[in-house]
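Enquirer: My questions are about this predicted structure, shown below with the sequence.
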Amino acid sequence: MDFNQKEHIEKTQLEQSDAWYEYWQQYSDWSTWEFWVNLGFLVVPLILLYILIDKKKALLLGFFGYNVHVWFTYIDAFGGSKALWFYPYKVLPILPVNFALDVSLIPVVYMLVYQWTLNHGKNYYLYITGLCVILSFIFKPLMTTFGFFKLNEGANYFHLFLGYLLIAIISKLITNIFIFMERRSKLKSTA
């Protein structure tokens, strides 16, 4: 990469960041109802999680939820950077993703479903698939209707469903690997 091209990319990135901040100040800051809805998406799930989490399984559920957060943020950032979708209103204009969804709402609902399946001996994959259907085909269309989300050419709600499901499977797989390693270590130490 030559120096001029690198300089151009840096300048463009700064201009885009400035444009987002200006847009946020005009249409999405704390003086708008959209800001408060997004803030609700951030704060309310965390309060509910604090109340509803099975404290005996908090570390396991937190590890799983963190996995969901990381993978969801990666997929959301990828889709946003490729303009597959767009979030016109944000809590924080400096991030390329919807912070409230990536950090709170989605990880918390995944955690609560995971907790419920653990505590009731239910099939995780069946219930998380149901959640993915609700998020993809009910929640996101509602967000679109109210102007909080926009799908662009090349993406549809089925693609979102696949992304939600992929996140659920990867997060559970990684959690299972760590559970296996922990159990194996405990067995070795007692032998």
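Expert: Noted; the coordinates are in hand. Numbering: from 1, shown residues only.
Enquirer: Report the central residue of the chain.
Expert: Geometric centre of the chain, nearest residue: Asp102, 2.8 Å, by CA atoms, centre = their mean.
Enquirer: Who are the packing partners of the helix or strand bottoming out on mean pLDDT in the chain?
Expert: Every helix and strand in the chain was compared by mean pLDDT, DSSP states H and E; the lowest is helix 3-27, with a mean of 89. If you count contacts as 3 or more CB pairs under 8 Å, 6 or more residues apart in numbering; DSSP states H and E, helix 3-27 packs onto no helix or strand. Heads up, the C-betas are built off the backbone N, CA and C, glycines and all.
Enquirer: And the next helix or strand past it?
Expert: Per DSSP states H and E, helix 3-27 leads on to helix 33-52 as the next helix or strand towards the C-terminus.
Enquirer: got the buried residues for that following helix?
Expert: Glu34, Phe35, Val37, Asn38, Phe41, Leu42, Pro45, Leu49 (16 or more other CB atoms under 10 Å).
Enquirer: so the last one touches Met111, yeah?
Expert: Yes: Leu49 lies in contact with Met111 (CB atoms under 8 Å); the separation is 6.6 Å.
Enquirer: what's the offset of the least confident helix or strand of the chain from the middle of its chain?
Expert: 24 Å (CA atoms, centre = their mean, to the nearest Å).
Enquirer: Same question for stretch 137-147.
Expert: Counting by CA atoms, centre = their mean, stretch 137-147 comes out at 16 Å from the chain centroid.
Enquirer: Please enumerate residues in contact with it?
Expert: Glu34, Val37, Pro88, Tyr89, Phe149, Lys150, Leu151, Tyr157, Leu160, Phe161 (CB atoms under 8 Å, 6 or more residues apart in numbering).
Enquirer: Okay, now it: how far is its last residue from its first?
Expert: Using CA to CA, to the nearest Å, one end of stretch 137-147 lies 16 Å from the other.
Enquirer: Kindly report the same for stretch 115-130.
Expert: So stretch 115-130: terminal residues 15 Å apart, CA to CA.
Enquirer: Return the distance of it from the chain's centre.
Expert: That offset, for stretch 115-130, works out to 19 Å (CA atoms, centre = their mean).
Enquirer: Kindly report the same for stretch 97-108.
Expert: The answer for stretch 97-108 is 4 Å, by CA atoms, centre = their mean.
Enquirer: now swap in stretch 152-167 and tell me
Expert: 13 Å.
Enquirer: For the closest residue to Pro93 other than its chain neighbours, give its distance to Leu173.
Expert: Nearest-residue entry for Pro93: Trp24, 3.5 Å, with adjacent residues in sequence omitted and distances by CB to CB, 6 or more residues apart in numbering. As for Trp24, its distance to Leu173 is 37 Å (criterion: CB to CB, to the nearest Å).
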